[in-house]
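1. Quick check, what structure comes out for this input:
(2 chains)
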Amino acid sequence: MIRERLSGNEAVAFAMKQINPDVVPAYPITPSTEIPQYFSSFVSNGTVDTEFIPVESEHSALSACIGASAAGGRVMSATSSQGLSLMYEMLYIASGMRLPIVLTCVNRAVSAPINIHNDHSDSMGVRDCGFIQLYCESNQEAYDNIIMAVKIAERSMIPVMVCYDGFITSHSVENIELLEDSVVKDFVGKYEPKHYLLNPNEFISMGPLDLQNYFFEHRKQLADAMTDSKKIIEEVSEEFAKISGRKYGMFESYKTEDSDACMVILNSSAGTAKVVVDKLREEGLKVGILKPRVFRPLPYKDLTNALRNQKAIAIMDKADSVNGFSGPLYSELSAALYSQSISIPSINYIYGLGGRDVKETDLEEVFRNIIKISKDGKVDKTTNYLGVRE
Amino acid sequence: MIEIRWHGRGGQGAKTASLLLADVAFSTGKFIQGFPEYGPERMGAPLTAYNRIDDKIIRIHSNIYEPDYVVVVDDTLINSVDVTQGLKETGGILINSSLSPDEVRKTIPEYRGAVYTVDATKISHECLKANFPNTALLSAVIKITNLMNREDLEEHMLDSFKTKFAKKPEVIEPNMNAVRRAYDEVKGGNSYDK
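-> As a prediction, this is how the structure comes out:
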């Protein structure tokens, strides 16, 4: 184990160096630019033998990933915001062709108005594209998840998107524990695809026209693979715990064993929420948080079981669905709770859009509100905008 | 936990200074955060950078509103930015200035905590023949926060410069001089009531 201090982007570029993928096509966009920037220096220095393809757009970046992955290569890339938007068409093709590409999404707001800062509109906007989605609180989790993502993708034959917060995580330098190169190399192993285009012993076609007769079955196979990937994610996380000592589940619970009021929150703000939980616990308030790591597949039974005994829940969305109802995490979790016949008063907050700083006091306000709800059971308004000026 | 806020202008290296401070604190075995607040990245525009330093893991991921220390890289910022906003009176403010702490205090009359000055620009010009006040400010901030003693600081900086200036070894000693001078020349530390 190596103790270091790295930014989130440095950590991910370092993980990619250790993974040494066959092909990395990329197009730069803030705040993910540093990943291909640092990685291209590893290519130039000869520390990796990756084919680095500096393409002319994100559409081309993911297209090149798809070609290289179909050919049989281990493939990675990174993007943010409009870059992910421009990949949209190809995201469905990557998953539909069952190509185990690992894509880092450094979360950033989507225009308009134009903004370079963090929220989750980009990855939440493509939540139905058939990628597995892993969310990360810190640079450590970004590093760990990138390494695990390679195995998860290749075992499930589903592409994986690893998401972490732009600037807050991507550009902040923090302590991190890195694994030795040889440990990462052994962990990810050699990629041996079952079927690939450059196999001289098997002549196949990939991505051909697929009409009424088979299309539906192929989509069902993808859906089944997504459902089954939960088990694969659990297995890979177990294996990772053995080499790192860091154990990851579908989600992380923080002080929820005896809590009455629970906040569900993704990524870096979950760290701030933990600090607020500790503070409120000193006042004797029974609060906790639940931080989903895996959003796709949605581990709806595990999540709802973990929330079953709460008396009030705040579900936090750093993305707005602009649908006249709620943010995406709220819609999905409240539907999941309903499907399990669990009825708990719950409230939705849209927060931190476009990099609006998420302060301890903001989250404390949410906790105090759900403590009140846990007592009187009354939710005045389902969807609220935290700290917005009106 | 110690929280530090840096005020500088684009191009002056406040961001680099915050990352260097994170490096120094990291080398003493601390948990650290170093992060700039990114805005419109124009040369000369005011910018802010932050550090957190603690003995245990740092989970909070918001900006710093009540810092223990503030470092002002460019004293002309005092006229346009509220540099003491939220600054704890138990902490202090370090300003890169040719003025004495008492003279500088007049420009921030509401602040009752400790005021320090160091003429990092002059030190930089004399030692490095250029305006890179970072190294001197870093040394001064380490002194006022008691993060490291002089001996350890010199050892750490020498190691760091040896790596950073591997291809320009002739600039190592001038930079070390800037470190030593700032450590000795930082003035002030009295709070208002003393």
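2. what sits against the nearest residue to A:D181 once chain neighbours are set aside?
-> In space, and not counting its chain neighbours, A:D181 is closest to A:Q18: 5.2 Å by CB to CB, 6 or more residues apart in numbering or on different chains. Glycine gets a C-beta too; all of them are placed from N, C-alpha and C. For A:Q18, the contacting residues are A:I147, A:L179, A:D181, A:V184, A:K185, by CB atoms under 8 Å, 6 or more residues apart in numbering or on different chains.
3. Chain B versus the third one, what's the distance?
-> Looking back up the chat, that one is A:D181. Going from A:D181 to chain B by CB to the nearest CB, to the nearest Å gives 20 Å.
4. Can you get me a residue count around that residue?
-> Applying other CB atoms under 10 Å in any protein chain shown, we find 15 residues neighbouring A:D181.
5. Check whether A:G125 really touches A:A319, as I assumed.
-> Yes. Judged on CB atoms under 8 Å, A:G125 makes contact with A:A319 at a distance of 7.3 Å.
6. Between these two, which has more neighbouring residues?
-> Neighbour totals were compared for A:G125 and A:A319, and A:A319 leads with 24 against 17 (other CB under 10 Å).
7. what's near enough to touch A:F167?
-> A:P31, A:H117, A:N118, A:G355, B:F35, B:Y38.
8. So for it, what's the pLDDT?
-> Per-residue confidence (pLDDT) for A:F167: 97.
9. can I assume it sits in a helix?
-> No. Counting by DSSP: H, G, I helix; E, B strand; the rest coil, A:F167 is not part of a helix but coil.
10. Look up how far B:N63 lies from it.
-> Separation of A:F167 from B:N63 (CB to CB, to the nearest Å): 11 Å.
11. One more: A:S80?
-> Counting by CB to CB - A:S80 and B:N63 are separated by 21 Å.
12. Among those two, which residue is more densely surrounded?
-> Neighbours were tallied for A:S80 and for B:N63 using other CB under 10 Å; the higher tally belongs to A:S80 (29 against 16).
13. what's the pLDDT at the more buried one?
-> 98.
14. Cross-check the contact I'm expecting between it and A:D122.
-> Yes. The pair A:S80 and A:D122 qualifies as a contact (CB under 8 Å) at a distance of 6.4 Å.
15. shared neighbours of the two, which are they?
-> With CB under 8 Å, 6+ apart as the test, A:S80 and A:D122 both reach A:C105, A:N107, A:R108.
16. ok so, going back, and the residue nearest to A:D181, its phi and psi?
-> Main-chain dihedrals, A:Q18, degrees, to the nearest 10: phi -70, psi -30.
17. Any figure for the gap between it and B:G86?
-> The spacing between A:Q18 and B:G86, counted by CB to CB, is 41 Å.
18. do A:A223 as well
-> 51 Å.
19. okay, now the closest residue to B:N79 other than its chain neighbours: neighbour count?
-> Distances taken as CB to CB, 6+ apart place B:T107 nearest to B:N79, at 7.9 Å, with adjacent residues excluded. When neighbours are defined as other CB under 10 Å, B:T107 has 15 of them.
20. so residue 161 is in which element?
-> Let's take chain A. Using DSSP states H and E, A:M161 sits within strand A:160-165.
21. ah, I was thinking of chain B
-> Here B:F161 is assigned to helix B:150-164, by DSSP H and E.
22. gap between A:A319 and A:S172?
-> Taken as CB to CB, the span from A:A319 to A:S172 is 21 Å.
23. Out of the shared contacts of A:S80 and A:D122, which comes closest to B:H125?
-> A:R108 (40.0 Å; CB to CB).
24. ok, now how distant is the closest one from chain B?
-> Relative to chain B, and taking CB to the nearest CB, A:R108 is found at 11 Å.
25. Now do the same contact list for that residue.
-> By CB under 8 Å, 6+ apart, the contact list for A:R108 reads A:T30, A:P31, A:S80, A:S81, A:N115, A:I116, A:H117, A:N118, A:D119, A:D122, A:G166.
26. Spatially nearest residue to it, not counting backbone neighbours?
-> A:S81 (3.8 Å).
27. Repeat that for A:H218.
-> A:D210 (6.0 Å).
28. The one you found is in contact with A:R219, isn't it?
-> No. Judged on CB under 8 Å, A:D210 makes no contact with A:R219 at a distance of 9.4 Å.
29. residues making contact with stretch A:188-208?
-> A:19, A:22, A:70-74, A:93, A:96-97, A:100, A:147, A:150-151, A:154.
30. So which residues of the stretch 201-350 of chain A form helices?
-> Listed from the start of the chain, the stretch 201-350 of chain A has helices (DSSP state H, counting those that start in this stretch) covering A:215-244, A:268-282, A:300-307, A:328-339.
31. Switch the ones you listed over to CSV; also include mean neighbour count.
-> Listed next are those as CSV, based on neighbours: other CB atoms under 10 Å in any protein chain shown:
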stretch, mean neighbour count
helix A:215-244, 15
helix A:268-282, 21
helix A:300-307, 18
helix A:328-339, 18
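32. Let's have the ones you listed in CSV, adding mean pLDDT.
-> Below are the helices of the stretch 201-350 of chain A laid out as CSV (pLDDT from 0 to 100):
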stretch, mean pLDDT
helix A:215-244, 98
helix A:268-282, 98
helix A:300-307, 98
helix A:328-339, 98
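33. could you list every residue that touches the residue lying closest to A:E56 once chain neighbours are set aside?
-> Distances taken as CB to CB, 6+ apart place A:Y27 nearest to A:E56, at 7.1 Å, with adjacent residues excluded. Going by CB under 8 Å, 6+ apart, A:Y27 touches A:P36, A:P54, A:V55, A:E56, A:S57, A:E58, A:S60, A:A61, A:T79, A:G83.
34. mind redoing it with 10 Å?
-> For A:Y27, the contact set (CB atoms under 10 Å, 6 or more residues apart in numbering or on different chains) comprises A:33, A:36, A:53-62, A:64, A:77-79, A:83, A:86-87.
35. Please tell me how far it sits from A:F39.
-> 13 Å.
36. And A:V184, by the same measure?
-> 15 Å.
37. And the two? Which one has more around it.
-> Legend: neighbour count by other CB under 10 Å for A:V184 and A:F39, higher for A:F39 (26 against 22).
38. from memory that one sits against A:V12, does it?
-> Yes. A:F39 lies in contact with A:V12 (CB atoms under 10 Å); the separation is 8.8 Å.
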